[in-house]
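Participant: Task: produce atomic coordinates for the following.
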Amino acid sequence: MGKIIFLDVDGTLVDYENRLPESAVDAIRKARAAGHRVYICTGRSKAEVYQNLWDIGLDGMIGGNGSYVEEHDQVVMHQLITKEQCRKVVDWLQGRGLEFYLESNEGLFASERFEERGDVTIKEYTKQKGKPDAEHMTIRKAFPEMIFGGELYRDDVNKISFILDNYGDYLDAKDAFPDLHAGTWGGRGEETLFGDLGVKDIHKGNAIEQLLNYLHADLADTIAFGDAKVDIPMLEYCAYGVAMGNGGPEIKKMADYITDDVEEDGLYHAFRYLGLIE
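Facilitator: Residues are numbered from 1 along each chain as shown. This is a model prediction of the structure:
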């Protein structure tokens, strides 16, 4: 067996406007042809892994920041928020006036005013990533298959993301739901834009361990690629870690290698540097 490669999606495989560089597609296809395995390892649930990503050719995925593991359509592990936990979170967010969406393998289910409130936030998120045309970003562009008006009390939810009016919303959510893992994304500290709540005691490193056990594979053969703080556990767990040039300072500090930005063929250059492709 060759190397086992784990790729974060947003900011690593695709840019922050969901554009997939042709060089990344070429790198993955060449690596797989050379006998390496390639998995995406993402915060996205399966419903948000669109067909253009599967069309690259992948061996499987880790989703929900580690709550779901799939190997060639075979579900290796899936941990879910319970329906009762989901109901409590939905009621709490609605009572606080916070807009949110549920992340399920069956779809992304938005709260009543998520699109209206979220358009402002997604523009700011895109702007923070340095994109000059951020004012044209919308929720429907960012989440093209999001479901509006769907059932919100569900038993198939991996995690729940919600728009922060202020950092206190995240801190209060963390206190309100000690049985869940509370995180943030879309910025650092007081500048972060989103909070999320998911299954407790899971992360990308744990999920990789589950997959390696299933494959009877060697940790020494693993390489992880990421750009954000949430990717640090998988870079710490894997034998070798690569940070994208557009990544944050925390992940760059601990990575074994820093490649170019996602938009500057960073994935392709790293694959060549590591000898995964010629």
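Participant: CA only for contacts and neighbour counts going forward, please
Facilitator: Will do.
Participant: what about the helices in the stretch 1-150 of the chain?
Facilitator: Along the stretch 1-150 of the chain, counting by DSSP state H, counting those that start in this stretch, helices occupy 22-33, 51-54, 83-96, 114-128, 139-142.
Participant: any idea which residue sits dead centre in the chain?
Facilitator: For the chain, the residue lying nearest the average C-alpha position, counting by Cα atoms, centre = their mean, turns out to be Gly43 (2.3 Å).
Participant: Quick check, that residue in contact with Gly63.
Facilitator: Yes: assessed by Cα atoms under 8 Å, Gly43 is found in contact with Gly63 at 5.6 Å.
Participant: Format the helices of the stretch 1-150 of the chain as TSV; extra columns: mean pLDDT.
Facilitator: As requested, the helices of the stretch 1-150 of the chain are arranged in TSV below (pLDDT from 0 to 100):
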stretch	mean pLDDT
helix 22-33	98
helix 51-54	96
helix 83-96	98
helix 114-128	90
helix 139-142	90
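Participant: These: which one's closest to Phe162?
Facilitator: Taking Cα to Cα as the criterion, helix 83-96 is the member of those that comes nearest to Phe162, at 8.0 Å.
Participant: Now that closest one - C-alpha only, CSV.
Facilitator: Once side chains and other backbone atoms are set aside, the C-alpha atoms of helix 83-96 remain, and they are given as CSV (Å, rounded to 0.1, in the frame of the first residue of the first chain):
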residue,chain,number,x,y,z
LYS,A,83,-33.0,13.7,18.5
GLU,A,84,-33.5,15.0,22.1
GLN,A,85,-30.2,16.9,22.0
CYS,A,86,-31.2,18.3,18.6
ARG,A,87,-34.6,19.5,19.9
LYS,A,88,-33.0,21.2,22.9
VAL,A,89,-30.4,23.0,20.7
VAL,A,90,-33.0,24.1,18.2
ASP,A,91,-35.3,25.4,20.9
TRP,A,92,-32.4,27.2,22.6
LEU,A,93,-31.2,28.9,19.4
GLN,A,94,-34.7,29.9,18.4
GLY,A,95,-35.4,31.3,21.9
ARG,A,96,-32.2,33.4,21.6
